[in-house]
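**Student:** Would you be able to build a 3D model of this:
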Amino acid sequence: MRMASAYISQFQMTGTSLFSTYASLTGMLMLVRSMFNDLIPPELRGFIVKAFRYLFKMTSPDQLTLIVDERIGYNNNHVYEAAEAYLRTIINPAVDRLKVSKTQRQKKFTVSIEKGEEIIDTYNGTNITWRYVFEESDKDSTRSGSAKYYFQIVFEKKFKDMVLGSYLPYVMDRFEQIKSEDKVVRLYTRGGNVDDDDDNARGEWGSVRLEHPVTFDKLAMDPEQKKMITDDLDRFVSRKEFYQRIGKVWKRGYLLYGPPGTGKSSLIAAMANYLKFDIYDLEMSSIYSDSDLRRILTSTTNRSILIIEDIDCNAEVQDRELGLDLSDSRLTLSGLLNFIDGLWSSCGDERIIVFTTNHKEKIDPALLRPGRMDVHIHMSYCTPTGFKILATNYLDLNDDHPLFGEIERLIIPAKVTPAEVAEELMRSEDPAIALDGVLCLLNRKITEQQKVETKESDVQKVCKISEKEIKKVTVKNTARRKDKGNKKKKNWSTGRVF
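**Tutor:** Residues are numbered from 1 along each chain as shown. You can find the predicted model right below:
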């Protein structure tokens, strides 16, 4: 009994001590909390709380972190691009700092998380944390461009299969939906002096929004030719399984050839607007080796149009040298062909390559064959049908005009480009004045051509006269030589020598 009484008495004292300790600890914590809230600024409080959360998460053995780098070698990381777009749609009030931007061309603000911030996403009842991290380059490092951006994806290890198997594919699908809902065609070009509206620079490329209003309806081309092009484009984009089945790379090559001013650039813009494909404008004159070409072209994206303008002026790629002995130090025709139709052509899907030239006959035949330039489109001088389309676009003339007949009669022999006709139509909003200007242009062109033809005819006549005179002189000289020879033979026969 005494032992039981002593045990009970000791338990009561222990309980009293524990309660007293708990009360003291609670009071101290409340005092610390009050001081923490009253004395420490809100910005610093948030930083301290995040630091403690980050510390406990990093030390937790049940957490797994996935790293999503911005680039993979020469190529952009598609998961990184998807994460950028997806996270903009799930920004919550808990984020303390956001990055807001808007250029003159943009219609809406672009809001994204700032470096160092994190967003907690919930998927199937599981919390998944995204952190946006920026690592500055080492000051002592000799490497340029070593600074990098990347995302961290933090979650419990037991959900690894779920994150990799369904969550990340879900993010990728949402990315494709976001792009299709608000697709803006972009024009990419090489060089760092291009303002990128939406932080869409892709390594070698900078971009701007392509706000070209041209469509196929507005092109000054024959309807049959426009229908042929749109049908070919529709057939191409709908044949992914077909290309896989026959074992061909999903790409298409077009050659646009014709005189300057016939609408080659406008046709490319119409193709981009029709398909909602981005455009990559490649200047071959700025590339000096096959390795540069590979690096630049592999950084382009799928569902895009690659433009190589004036390919006839770049024919020297066959033998351009930099004066170095390295095999990698020159840009060759074979290097270009390898990317267009060789092994490197498989580095991407649903791509269109458009070549332009003013002189088709100057292009190397190796480039012209199917598989490289599949469709050859002749951009001709302005036709009567093309003129009517221009008159509708510029003067809103949907019906016939008294001057149409004369213009249609002269437009073929005048050999004028759509650009020249459009320039005349822009000179006045009065249809009579504008169309009279077109008539003057056509007559002037025909007169100039007649003068050139007359001059060429005169030159040919002079050349023919010269040829006749040369023949006459040649015949006379031949006759004289024969006559002298006969006289010499006669003199030898008489014994006299002259």
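
**Student:** which element is Lys445 on?
**Tutor:** Per DSSP states H and E, Lys445 falls inside helix 431-494.

**Student:** If you could redo that for Phe339, that was the one I meant.
**Tutor:** Going by DSSP H and E, Phe339 is in helix 333-341.

**Student:** Met35 now?
**Tutor:** Counting by DSSP H and E, Met35 is part of helix 2-39.

**Student:** coming back round to it: what does the helix holding Phe339 rub up against?
**Tutor:** With contact meaning CB atoms under 8 Å, 6 or more residues apart in numbering, helix 333-341 is reached by 253, 290, 293-294, 297, 317-318, 344-345, 353, 364, 366-367, 371-372. Glycine gets a C-beta too; all of them are placed from N, C-alpha and C.

**Student:** between the residues you listed, which is nearest Thr129?
**Tutor:** Nearest to Thr129 among those: Leu297, at 36.7 Å, using CB to CB.

**Student:** how about the closest one, what does it touch?
**Tutor:** By CB under 8 Å, 6+ apart, the contact set of Leu297 is 282, 306, 339, 344, 347.

**Student:** so what's the last one up against?
**Tutor:** Neighbouring residues of Cys347 by CB under 8 Å, 6+ apart: 297-298.

**Student:** Thr298 versus that one, what's the distance?
**Tutor:** Note on Cys347: its distance to Thr298, by CB to CB, to the nearest Å, is 5 Å.

**Student:** Next, give phi and psi for Glu211.
**Tutor:** The phi and psi values for Glu211, taken as degrees, to the nearest 10, are phi -110, psi 40.

**Student:** For it, the count of nearby residues, please.
**Tutor:** Glu211 has 11 neighbours, counted by other CB atoms under 10 Å.

**Student:** any idea how far it is from Glu423?
**Tutor:** Counting by CB to CB - Glu211 and Glu423 are separated by 22 Å.

**Student:** pLDDT on the host helix or strand of Lys179, on average?
**Tutor:** Assigned by DSSP H and E, Lys179 belongs to helix 168-181. Helix 168-181 carries an average pLDDT of 88.

**Student:** Who are the packing partners of the helix or strand that that helix is followed by?
**Tutor:** The first helix or strand that comes after helix 168-181 along the chain, using DSSP H and E, is strand 186-190. The contact analysis (3 or more CB pairs under 8 Å, 6 or more residues apart in numbering; DSSP states H and E) places strand 186-190 against strand 205-209, strand 278-282.

**Student:** Just the buried residues of the contacts of helix 333-341.
**Tutor:** Buried by 16 or more other CB atoms under 10 Å: 253, 290, 293-294, 297, 317, 344-345, 353, 367, 372, out of those.

**Student:** and the two most separated of the residues you listed?
**Tutor:** The most widely separated members of the buried ones among the contacts of helix 333-341, counting by CB to CB, are Gly253 and Asp290 (19.2 Å).

**Student:** In contact with Ser437, which residues?
**Tutor:** Not Ser; residue 437 is Gly. Contact analysis of Gly437 by CB under 8 Å, 6+ apart lists 424-425, 427-428.

**Student:** make it 7 Å
**Tutor:** Contact analysis of Gly437 by CB atoms under 7 Å, 6 or more residues apart in numbering lists 424, 427.

**Student:** Got the domain ranges for this structure?
**Tutor:** The chain breaks down by automatic domain parsing into domains covering 59-138+145-182, 190-378.

**Student:** Let me see the mean pLDDT of the last one.
**Tutor:** Mean per-residue pLDDT for domain 190-378: 82.

**Student:** which residue ends up closest to the midpoint of this protein in space?
**Tutor:** Tyr280 (2.6 Å; CA atoms, centre = their mean).

**Student:** Quick one: residues contacting that one.
**Tutor:** Counted by CB under 7 Å, 6+ apart, Tyr280 has contacts 188, 205, 300, 304, 306-307.

**Student:** Tell me, how many residues neighbour Arg71?
**Tutor:** Counted with other CB under 10 Å, the neighbours of Arg71 add up to 15.

**Student:** and stretch 111-128, which residues are buried?
**Tutor:** So stretch 111-128, judged by 16+ other CB under 10 Å, has buried residues 112-113, 117-119, 121, 123, 128.

**Student:** and what of stretch 148-159?
**Tutor:** In stretch 148-159, counting by 16+ other CB under 10 Å, buried: 150-151, 153-155, 159.

**Student:** Which of these fall within strands?
**Tutor:** 150-151, 153-155 (DSSP state E).

**Student:** okay if I get these as TSV plus distance to Pro223?
**Tutor:** Listed next are these as TSV, based on distance: CB to CB, whole Å:
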residue	distance to Pro223
Tyr150	51
Phe151	50
Ile153	52
Val154	58
Phe155	57
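
**Student:** Could you point out which of those is nearest to Val79?
**Tutor:** Of these, the one sitting nearest to Val79 (CB to CB) turns out to be Phe151, at 8.4 Å.

**Student:** Please name the residues that touch that closest one.
**Tutor:** Listed by CB under 7 Å, 6+ apart, the contact partners of Phe151 are 68, 80, 83, 130-132.

**Student:** please redo it, this time with the cut-off set to 8 Å
**Tutor:** Listed by CB under 8 Å, 6+ apart, the contact set of Phe151 reads 67-68, 80, 83, 130-133.

**Student:** cool, Arg294 as well?
**Tutor:** Contact analysis of Arg294 by CB under 8 Å, 6+ apart lists 74, 335, 339, 344.

**Student:** want to try CSV for those residues, with distance to Thr89 as columns?
**Tutor:** Shown next, in CSV, are the contacts of Arg294 (distance: CB to CB, whole Å):
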residue, distance to Thr89
Tyr74, 29
Gly335, 42
Phe339, 36
Trp344, 35
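
**Student:** which among these gets closest to Thr385?
**Tutor:** For the contacts of Arg294, the closest approach to Thr385 (CB to CB) belongs to Phe339, at 37.4 Å.
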